[in-house]
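Undergrad: Next one to model:
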Amino acid sequence: MRLSALSLGLLVFVTACTTAPPVPKEKPREPVAQVSEPKSDVMAQLGSNGAPERDLVRDAYRFDRTISMGRVPGVRLYTYEPGGAEKVVGFALVDRGSKRINPRGLKGSGARREFLFQFPDRAREEEALMVSDDVRLSKRYSHDNMFRELHFFPRRQLPSLRRNGKRFEVRLPTGEPVFFDADSAELVGGVLEEQPIDFNRNRHARRNPRIEYHGKGLLITVAQRGEAPRRAKVWGRVKRAEVRYPARYSKPCYVSPALLWDQRPKKGDRDPRLTWRLKHDEEVFNLVEKRCHWDLSRLKTST
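TA: Okay, the predicted model is just below:
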């Protein structure tokens, strides 16, 4: 009797299975040591306390950035890619609802406070902390959004962020530490202290984010509702920049933002870019000494 090709194949398979020698029991394997994955280059940049890579922001990269969420849980990450190499140029922590600072956010109102540590082009020129409150009362941008910028001197390093257990540890440009709760993004320690979001329904009486500095450096801060805080005049009102040196002087000094940021539109621009006029820390210290009649010799020798 002739077997078909299919039947012959099955016969060979069954015979091979029934005549194969028994397989010896596998010996228990030695436990393999768990090797943690190396951090990505972006994570290494984020946690580094390195000095700025240049003094001035190059025009070609001034506004070149990508925003991403999820890569670092709880952190909004800002990066750009000069020459195809990804570089960190900022990170933000957002309080979308916390019992002490943002109670309305816990009720699903959408109210939020954001701490954005920015350093475009990884340069010293534009290192700043931008704090913004969106109170979500009228749903109108110019009515609900309250802004404050904080500039710290001397600028020794780029801002950095590491996670330590349930906290984020952030280093300011001065190298001083600030600690945030990793779940709520609420400030819980270090040289900065925050006050709750002001939910006053009267936007004219509502206060901008109140952030107090207790460090040893110099702080220059500006604030505004619904408009760039750096402007010297907003809606016909003359603005002032506040200068603080809490290690030596208990009261602030005030100067015009026009002394700090260029208020003139460049050729082809409708609005000023509001870039720093004083490119180096020494120029900032000299201006403050002249206008405030303060002694900043300690800061000058520490740079």
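Undergrad: What segments of the stretch 1-150 of the chain are helices?
TA: 5-19, 41-47, 103-106, 141-144 (DSSP state H, counting those that start in this stretch).
Undergrad: and these, which one is worst for confidence?
TA: Sorting the helices of the stretch 1-150 of the chain by mean pLDDT places helix 5-19 lowest, at a mean of 40.
Undergrad: buried set for stretch 184-198?
TA: 184-188, 190-192, 194, 197 (16 or more other CB atoms under 10 Å). Heads up, the C-betas are built off the backbone N, CA and C, glycines and all.
Undergrad: now do stretch 63-71
TA: residue 65.
Undergrad: Export that stretch to CSV, keeping only CA atoms.
TA: Extracted C-alpha coordinates of stretch 63-71, given in CSV (Å, rounded to 0.1, in the frame of the first residue of the first chain):
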residue,chain,number,x,y,z
PHE,A,63,12.2,79.9,21.0
ASP,A,64,13.1,76.4,19.7
ARG,A,65,11.7,73.8,22.1
THR,A,66,9.5,70.8,22.4
ILE,A,67,7.2,70.1,25.4
SER,A,68,6.7,66.5,26.5
MET,A,69,4.9,64.7,29.4
GLY,A,70,5.3,61.2,30.8
ARG,A,71,9.0,60.7,30.2
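Undergrad: Give me the distance from that stretch to the chain's centre.
TA: 11 Å (CA atoms, centre = their mean, to the nearest Å).
Undergrad: Also stretch 151-164?
TA: For stretch 151-164, the distance to the chain centre is 10 Å (CA atoms, centre = their mean).
Undergrad: what do you get for stretch 251-264?
TA: Worked out by CA atoms, centre = their mean, stretch 251-264 lies 24 Å from the chain centre.
Undergrad: what comes into contact with it?
TA: Residues outside stretch 251-264 that contact it (CB atoms under 8 Å, 6 or more residues apart in numbering) are 220, 222, 229-232, 238-244, 272-278, 287-288, 291-292, 294.
Undergrad: Give me the subset of the residues you listed lying in strands.
TA: Residues of these located in strands (DSSP state E): 220, 222, 238, 241-244.
Undergrad: among the residues you listed, which two are most distant?
TA: 238 and 244 (20.2 Å; CB to CB).
Undergrad: Which one of those two is surrounded by more residues?
TA: Neighbours per residue (other CB atoms under 10 Å) separate residue 238 from residue 244, with residue 244 holding more: 20 against 10.
Undergrad: For residue 81, see how far away the closest residue to that one other than its chain neighbours is.
TA: Once flanking residues are discounted, residue 244 sits nearest to residue 219: 4.5 Å by CB to CB, 6 or more residues apart in numbering. Here residue 219 is placed at a distance of 32 Å from residue 81 (CB to CB, to the nearest Å).
Undergrad: between these two, which one's more packed in?
TA: For residue 219 versus residue 81, neighbours defined as other CB under 10 Å are more numerous around residue 219 (23 against 12).
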